[in-house]
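Here's a sequence, model it:
(chains A and B)
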Amino acid sequence: DQQVKQNSPSLSVQEGRISILNCDYTNSMFDYFLWYKKYPAEGPTFLISISSIKDKNEDGRFTVFLNKSAKHLSLHIVPSQPGDSAVYFCAASSGNTGKLIFGQGTTLQVKP
Amino acid sequence: GAVVSQHPSWVICKSGTSVKIECRSLDFQATTMFWYRQFPKQSLMLMATSNEGSKATYEQGVEKDKFLINHASLTLSTLTVTSAHPEDSSFYICSASLHRNTIYFGEGSWLTVV
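Predicted coordinates:
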């Protein structure tokens, strides 16, 4: 049972445009969501997070939107840069545990 | 710099042998660490929660006798893959949380069993 789903395995965007990565979840107990960027054979790098009491969090070029009623969150990157090309994972947690459930990942390619 | 360090980064072992992977939290104490496994082109799957001074909590489907976890101190957790087989070849990653909003991941350890 996949509690966190990223239904788009890949996304290709032109440099300077917006990248939108989507994530859906099924467990209504999740109350904290995170986005990570990952390169092959490396650990994930934290990008941005959002608590369930908010619907938007922004940090520089990265904005995460949370729609609790739809159990959906998205990561917006604008403007996209070639260096953003990587695999992006969304993750969710419930309670104050630090235990994360990851989505399958979306490979983002930003073309110059 | 890294706040969670894993060692070794790469390890090759023969089938049937055991291999140990270390996860250290640098500059902070972690009463709880987590171990994940990632197969190629797949998601990071939580294997177990490592609790300092007590037994690890394993996720469903993870064999506790095969993946031994020891959290002997507040800065060190070890994962030992016992009697390794080729299907255990994977990328193993640990994480530690300073607090709920701050979760650090190690660099990962790539295990190849031949």
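
When you work out contacts or count neighbours from here on, use the C-alpha atoms and nothing else.
OK.

Considering helices and strands only, name the one in chain B with the lowest mean pLDDT.
Across the helices and strands of chain B, the lowest-confidence element by mean pLDDT, DSSP states H and E is strand B:102-105, at a mean of 86.

The very next helix or strand once past it pairs with which strands, parallel or anti?
Where DSSP states H and E defines the elements, the next helix or strand beyond strand B:102-105 is strand B:109-113. Take DSSP bridges as the rule and strand B:109-113 pairs in its sheet with strand B:10-13 (parallel), strand B:90-99 (antiparallel).

Buried residues of strand B:109-113, list them for me.
B:S109, B:W110, B:L111, B:T112, B:V113 (16 or more other Cα atoms under 10 Å in any protein chain shown).

any idea how far the second one lies from A:I101?
When Cα to Cα, to the nearest Å is applied, the distance between B:W110 and A:I101 equals 21 Å.

ok, A:I20 touching A:L73?
No: the criterion here is Cα atoms under 8 Å, and A:I20 misses it with A:L73 at 10.2 Å.

Who has more neighbours out of these two?
Neighbour comparison, A:I20 and A:L73: the larger count goes to A:L73, with 23 against 16 (by other Cα atoms under 10 Å in any protein chain shown).

ok, the residue nearest to the more buried one when sequence neighbours are not counted - contacts?
Nearest residue to A:L73, sequence neighbours excluded (Cα to Cα, 6 or more residues apart in numbering or on different chains): A:L66, at 4.4 Å. Shown in contact with A:L66 (Cα atoms under 8 Å, 6 or more residues apart in numbering or on different chains): A:I50, A:S52, A:K54, A:D55, A:K56, A:H72, A:L73, A:S74.

so the first one bridges to which residues?
It refers to A:I50. Beta-bridge partners for A:I50, by DSSP bridges, are A:F33.

Look at it and say how many residues are nearby.
If we define neighbours as other Cα under 10 Å, then A:I50 has 22 of them.

and it, what does it touch?
Per Cα under 8 Å, 6+ apart, neighbours of A:I50: A:Y32, A:F33, A:L34, A:K56, A:N57, A:V64, A:L66.

wait, doesn't the third one sit right on A:Y88?
No: using Cα under 8 Å, A:L34 makes no contact with A:Y88, being 10.5 Å away.

Can you tell me the closest non-neighbouring residue to the most centrally placed residue in chain B?
Chain B has B:W35 as the residue nearest its centroid, 3.9 Å off, counting by Cα atoms, centre = their mean. Excluding the flanking residues, the one nearest B:W35 by Cα to Cα, 6+ apart is B:C94, at 4.4 Å.

looking at it, that neighbour is touching B:M33, isn't it?
Yes: using Cα under 8 Å, B:C94 makes contact with B:M33 at a distance of 6.9 Å.

Residues of chain B that sit close to chain A?
Counting by Cα under 8 Å from any Cα of the partner chain, chain B comes close to chain A at B:34, B:42-46, B:49, B:91, B:93, B:96-97, B:99-100, B:103-110.

ok, of these, which come out buried?
Buried, going by 16+ other Cα under 10 Å: B:34, B:43-46, B:49, B:91, B:93, B:96-97, B:103-110, out of those.

For B:L79, which non-adjacent residue is closest in space?
Nearest one to B:L79, counting by Cα to Cα, 6+ apart, is B:I69 at 4.7 Å.

quick one: secondary structure of the one you found?
Secondary structure, DSSP: H, G, I helix; E, B strand; the rest coil: B:I69 is strand.
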